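Build me a structure from this.
(one chain, ligands or ions: 2)
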Amino acid sequence: MDRLKLAIQKSGRLSDKSKKLVSECGIKVKEGKNKLIAPSTNFPLDLFYLRDDDIPKYVEDGTADIGILGENVLLEKQSEVNTVIQLGFSKCRLSLAIPKAETYTDSSYFQGKKVATSYPVILSKYLNDKGVQADIHEISGSVEIAPGIGLAEGVCDIVSSGSTLFSNGLKEVEIVMQSQAVLIANKKMSAEKQAILDKLLFRIEAVRRAENSKYILLNAPENKVDDIIKALPGMRSPTVLPLAQKGWVSIHSVLIESEFWEKIDQLRTAGAEGILVVPIEKMIY
Ligand code: PRT
Ligand code: ZN
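Ligands and ions are numbered 1, 2, ... in the order given. As a prediction, this is how the structure comes out:
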């Protein structure tokens, strides 16, 4: 029986969240110190611990079948793989930044200027598309210090909160790309491996849906039920149960996280009381 090989980052910003996702999919893995490969004991999958930069190549050549990494690294490496699903974690952006005191109008600012980055492929394509020729210096770490030590006049680096740029006297002037963790797959997988991947995807989707949803329970007078139901999308239709107190019901449904506060306001206006909101662990359609 074939087993699916999943490459994840060994240690770094993606590793804990990648492991958490695997665990939330009910996949148990034997953890060993400093091991390169960890087999699952209850799912036909083996975890490969790698540097994130190596994951696209390993998945392209089939050493690993699938992998989890940031879209920024995926795009930079230009490997021939399929992007299967966005995973919604490790969100960040790749941005251009310049010293705070400089005046910025548009990307022509970078014409003929030295820009330090670990993402030369993405950056040169971005600037080329805008007709700007910059002098791109590839450096592998601590990009943000380059202007301060006179190595470059600008940087193109990953930004999350912006505090690294700020504390190095830089300001973000353009977003080159948005990024998040994605699951990638080899382009020529056997039918047997594809079937294991489909099973895994089914679980990942259930976990992702649950992350974005909340279970809501509320009480309401019977004559308000129609108004309240209008405000509740639910999976199919909400559950309505009679309460011991005559003329009152309990309504149960599912809310999308992003619409949450807006819906809560609508529900209260419609007459809902005693609203309880609870997290959902998995959601299977
Ligand atoms: O050793 P290995 O090669 O596996 O890891 P790595 O050092 O190359 O990568 P790692 O672990 O730092 O990041 C892995 C991935 O996490 C990146 O490729 C991004 O997709 C994603 N990610 C999310 C980030 C950040 N947020 C992030 N903030 N990657 C890096 N940063 C760094 C950034 O380089 C800068 O130094 O954090 C700093 C900026 O953060 P703020 O919050 O100060 O703006
Ligand atoms: Zn890396």
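
And the helices in the stretch 51-200 of the chain?
In the stretch 51-200 of the chain, the helices defined using DSSP state H, counting those that start in this stretch lie at 55-61, 71-77, 120-129, 163-167, 191-211.

Now residue 217: closest residue in space, sequence neighbours ignored.
Leaving aside its chain neighbours, residue 217 sits nearest to residue 276 (4.3 Å; criterion: C-beta to C-beta, 6 or more residues apart in numbering). Using the backbone N, CA and C atoms, a C-beta is placed for each residue, glycine as well.

In contact with the one you found, which residues?
Contacts for residue 276 (C-beta atoms under 8 Å, 6 or more residues apart in numbering) come out as 216, 217, 218.

A strand includes it, no?
Yes. Under DSSP: H, G, I helix; E, B strand; the rest coil, residue 276 sits within a strand.

how far away is it from residue 262?
18 Å (C-beta to C-beta, to the nearest Å).

Also residue 3?
Residue 3 sits 45 Å away from residue 262, going by C-beta to C-beta.

number of nearby residues for residue 218?
For residue 218, the neighbour count with other C-beta atoms under 10 Å is 23.

what's across from it in the sheet?
residue 251 (DSSP bridges).

And the pLDDT for it?
Per-residue pLDDT puts residue 218 at 96.

That one contacts residue 229, correct?
No. Using C-beta atoms under 8 Å as the test, residue 218 is too far from residue 229 to be in contact (11.3 Å).

overlap in contacts of the two?
The contact sets of residue 218 and residue 229 overlap at residue 251 (C-beta under 8 Å, 6+ apart).

nearest spatial neighbour of the one residue in the stretch 151-285 of the chain that gets nearest to ligand 2, skipping sequence neighbours?
Nearest residue of the stretch 151-285 of the chain to ligand 2 (C-beta to the ion) works out as residue 158 at 10.4 Å. Closest residue in space to residue 158, ignoring its immediate chain neighbours: residue 92 at 5.1 Å, by C-beta to C-beta, 6+ apart.

before we move on, what about residue 111?
Distance criterion C-beta to C-beta, 6+ apart; nearest residue to residue 111, sequence neighbours excluded, is residue 132 at 5.3 Å.

Just list the residues touching that neighbour, thanks.
107, 108, 110, 111.

Dump the residues you listed into CSV; add neighbour count, distance to residue 80 and pLDDT as well.
Shown next, in CSV, are the contacts of residue 132 (neighbours: other C-beta atoms under 10 Å; distance: C-beta to C-beta, whole Å; pLDDT from 0 to 100):
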residue, neighbour count, distance to residue 80, pLDDT
107, 18, 29, 97
108, 11, 34, 97
110, 26, 30, 98
111, 13, 33, 98
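
can you list those in JSON lines and add distance to ligand 2?
Listed next are the contacts of residue 132 as JSON lines, based on distance: C-beta to the ion, whole Å:
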{"residue": "107", "distance to ligand 2": "26"}
{"residue": "108", "distance to ligand 2": "31"}
{"residue": "110", "distance to ligand 2": "25"}
{"residue": "111", "distance to ligand 2": "30"}
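
Looking at those, which is nearest residue 283?
Of all the contacts of residue 132, residue 283 sits closest to residue 107, with 42.6 Å by C-beta to C-beta.

close enough to count as contact, the closest one and residue 129?
No. Applying C-beta under 8 Å, one finds residue 107 not in contact with residue 129, separated by 9.5 Å.

Who are the contact partners of the closest residue to ligand 1 within the stretch 51-200 of the chain?
Nearest residue of the stretch 51-200 of the chain to ligand 1 (C-beta to the nearest ligand atom) works out as residue 70 at 2.2 Å. Shown in contact with residue 70 (C-beta under 8 Å, 6+ apart): 14, 52, 90, 92, 179, 180, 181, 182.
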